[in-house]
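I would like to see how this sequence folds:
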Amino acid sequence: MPATSRYNAISPIERMPDWIRRPLGAASATERVQGVIREQRLHTICEEGRCPNRGECYAAGTATFLLGGPICTRSCAFCQVDKGRAPVPLDGGEAERVAEAVQALNLRYVVLTAVARDDLADHGASLFTATITAIRRRDGQVLIEVLTPDFWGGHADPDQGRRAQRQRLAAVLAAAPVCFNHNLETVERLQGEVRRGATYGRSLELLTMARELAPGIPTKSGLMLGLGETVAEVVATLEHLRAAGCQRLTLGQYLRPSLAHIPVARYWRPEEFEQLGAIAREMGFAQVRSGPLVRSSYHAAVEEAQRPG
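Numbering: from 1, shown residues only. From the prediction side, this is the model:
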């Protein structure tokens, strides 16, 4: 039974508001991307996570590939991706098929993310490096952003775990993505309920490490709102991200994928997202996307084109 099954009995607090409107995008572009993904036997977080913007992004020629298979070793309470303690074996041809899909779709900006693979010795770091290499072998002009898990685990001793995490992160950064993204997802108080297997401090350390290891690669993080956080908690989280050197930020509304997932505590209004976005810019974030339907990879290609660093 899924770890989130206890949420089944919790009814939605209110009807979804009118401002939560999913852009449809071009049906032809959506069908084309979905067709190539199916043909190559790949996974995207756009589909696995039921992203509300996937039609718009497909129409713009952008997709976020999900590496490591469709089953995650962690059981975060918000995520639509399937969970399991015994993930499917790694697909040795995945990297090349992602590269083929990128070429077939003529994508110019690609986001690579992955399920957490705590069962692997490197926690999935090589999935990113192999795929980046495969894409660039075909077209060195494709811009690649990575959205990684925390690469933590496998060591009882915290110092050993931190060293292993740093080595895994260094390997990914050595492949020179144009942006390194790792999401905090929510405020510190709600981490244990929302992000099982991850910790607030560990994620901030990862973002700090990324700036230390590769200061020329912008770092990015994102939060979901609507899980019960307060404005003061969100502002404090943004301050912690800035202290970790984080330069780019996304703020979006959490939308409950099913009754088996953690419920929405409230829907933040568009003007509240605008206010938080203004606060973030005043704090010094170089790029901010803040709105009800904003997700981690939303308009990522635009961000890179406008990149100030």
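
Near Val88, how many other residues are there?
10 (other C-beta atoms under 10 Å). In this view, the C-beta of every residue, glycine as well, is placed from N, C-alpha and C.

Could you find the closest non-adjacent residue to it?
In this structure, Val88 finds its nearest non-sequential neighbour in Gly69, 4.7 Å apart by C-beta to C-beta, 6 or more residues apart in numbering.

cool, and Val110?
Closest to Val110 by C-beta to C-beta, 6+ apart is Ile144, at 5.1 Å.

doesn't the one you found fall inside a strand?
Yes - according to DSSP: H, G, I helix; E, B strand; the rest coil, Ile144 belongs to a strand.

List the residues that contact it.
Tyr109, Val110, Val111, Leu112, Ile132, Ile135, Arg136, Pro177, Val178 (C-beta atoms under 8 Å, 6 or more residues apart in numbering).

Show me what the second one bridges to in the sheet.
I take that to be Val110. According to DSSP bridges, the partner residues bridging Val110 are Ala63, Ile144.

Contacts for the longest helix belonging to the chain next, please.
Longest helix in the chain by number of residues, with DSSP state H as the criterion: helix 158-174. Counting by C-beta under 8 Å, 6+ apart, helix 158-174 makes contact with 122-123, 125-126, 128-129, 146, 148, 150-155, 180, 202, 205-206, 209-210, 213-214, 217, all of which sit outside it.

One more pass at 10 Å, please.
For helix 158-174, contacts defined as C-beta atoms under 10 Å, 6 or more residues apart in numbering pick out 112, 120-129, 132, 146, 148-155, 157, 180, 182, 202, 205-207, 209-210, 212-214, 216-217.

next structured bit after that helix?
Downstream of helix 158-174, the first helix or strand assigned by DSSP states H and E is strand 179-181.

what does that next one contact?
109, 111-113, 143-148, 169, 172-173, 206-207, 209-211, 213-214, 217-222, 246-248, 250, 287, 296-297, 300, 303-304, 307.

just the contacts of Ile144 now: which is nearest Glu272?
Ranked by distance to Glu272 (C-beta to C-beta), the contacts of Ile144 are led by Val111 at 26.6 Å.

Skipping adjacent residues, who's closest to the closest one in space?
Once flanking residues are discounted, Val111 sits nearest to Thr64: 4.0 Å by C-beta to C-beta, 6+ apart.

For the one you found, the count of nearby residues, please.
24.

quick one: it and Val98 touch, right?
No - Thr64 sits out of contact with Val98 when judged by C-beta atoms under 10 Å, with a separation of 11.1 Å.

quick one: Arg189 from Gln160, how far?
According to C-beta to C-beta, to the nearest Å, Arg189 stands 29 Å off from Gln160.

Settle it for me: which of the two has more neighbours?
Between Arg189 and Gln160, counted using other C-beta under 10 Å, the more crowded position is Arg189 (16 against 11).

need the contact list for the nearest residue to the more buried one once chain neighbours are set aside.
Using C-beta to C-beta, 6+ apart and skipping residues adjacent in sequence, the residue nearest Arg189 is Glu233, 6.4 Å away. Counting by C-beta under 10 Å, 6+ apart, Glu233 makes contact with Thr186, Val187, Glu188, Arg189, Leu190, Leu223.
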